[in-house]
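>>> Have a look at this prediction, sequence included:
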Amino acid sequence: MNVAEWIDLSGKVAHVTGGGNGIGTGIVRALAAAGAKVAVSDVDFAGATAMATEVGGHAIKLDVSDREAVDAALQETVDVLGSLDIMVNNAGVYLEYGGPVETITDEMWRTLWSINVDGVFYCCRKAAEIMRAAGNGGRIINIASTQAMTPGVGVTYDGSKAAVNMITKTLALELAPDGINVNALAPGPTWVRGGEAPPLTGEVPPATGEPLADTVAARISRLPIGRWGDPIDIGKAALFLASPMSDFVTGIYLPADGGWLVL
């Protein structure tokens, strides 16, 4: 038994949406380190290009809320890199749409859901079509959030990530006969501001008067693991779901959260 083969992605092609920034960079780096060729898509094409250059991948400018653009981007992945074996639906936004529900406009709601939910659906649909046609199975990894299980940010974001979780479970049932595993990865507090050190945990920040924000801040201060997550922490979890280690795993919600959900 060669344990190294359990994480070997040589010969596999992955597409990571939102791969040019934040958590996406950790996922791209982890999959590439395991041998995968990676298509890095992002609405920020400069960020996607930088990451693709770093890992020897292929950059694509993509707004996941645009159905036609999603279909074209995933087909481009096949045309340029040869296949689509691993689809990571990481692109998402928060847009500071937390707070009292009466302050959330229709435009705020639709903007966030068009990216966080519609975008995941569009990518899952096209990835499933490509993978089924190829007949080689595959992996779809949807980036949800701990907020899918423990509300605290706001109805727009929390609701969207709960939807991603159920999309994942439903597609896991549908696509299992085709050898396509579908799982959700749920990051906890992850520091994504490059060049800035994360704030220390261990102290509860002063109350702001915003109940949802104060609840989240208090939880972060008590993280059992004692630190913020790094994008590569999420990348390692994504590698597990993308690799042969998870051959018998589908339909799960995998927190990578430093113990957030224990609180």
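Arrived safely, thanks for sending.
>>> where does the stretch 51-200 of the chain have low pLDDT?
96-98 (pLDDT under 70).
>>> show me where it has strands.
In the stretch 51-200 of the chain, the strands defined using DSSP state E, counting those that start in this stretch lie at 58-61, 86-89, 138-143, 180-187.
>>> For the longest one, name the packing helices and strands.
Right, strand 180-187. helix 119-134, strand 138-143, helix 155-175, helix 231-242, strand 253-256 (3 or more C-beta pairs under 8 Å, 6 or more residues apart in numbering; DSSP states H and E). For every residue, glycine as well, the C-beta is placed using N, CA and C.
>>> Of these, which is nearest Asp79?
Among those, the nearest to Asp79 by C-beta to C-beta is helix 119-134 (10.9 Å).
>>> What residues sit buried inside that closest one?
Neighbour-count burial for helix 119-134 flags 119-124, 126-128, 130-132 (criterion: 16 or more other C-beta atoms under 10 Å).
>>> that older thread, so which of the strands of the stretch 51-200 of the chain is the most surrounded?
Ranked by mean neighbour count, these are led by strand 86-89 with a mean of 28 (mean count of other C-beta atoms under 10 Å).
>>> does the nearest residue to Ala176 once chain neighbours are set aside count as helix, strand or coil?
Closest residue to Ala176 in three dimensions, ignoring its sequence neighbours and counting by C-beta to C-beta, 6 or more residues apart in numbering: Thr250, at 5.9 Å. Put simply, Thr250 is coil when judged by DSSP: H, G, I helix; E, B strand; the rest coil.
>>> Please tell me how far Thr250 sits from Ala242.
Thr250 sits 13 Å away from Ala242, going by C-beta to C-beta, to the nearest Å.
>>> between the two, who's got more neighbours?
Between Thr250 and Ala242, counting by other C-beta atoms under 10 Å, Ala242 is the more crowded of the two (30 against 21).
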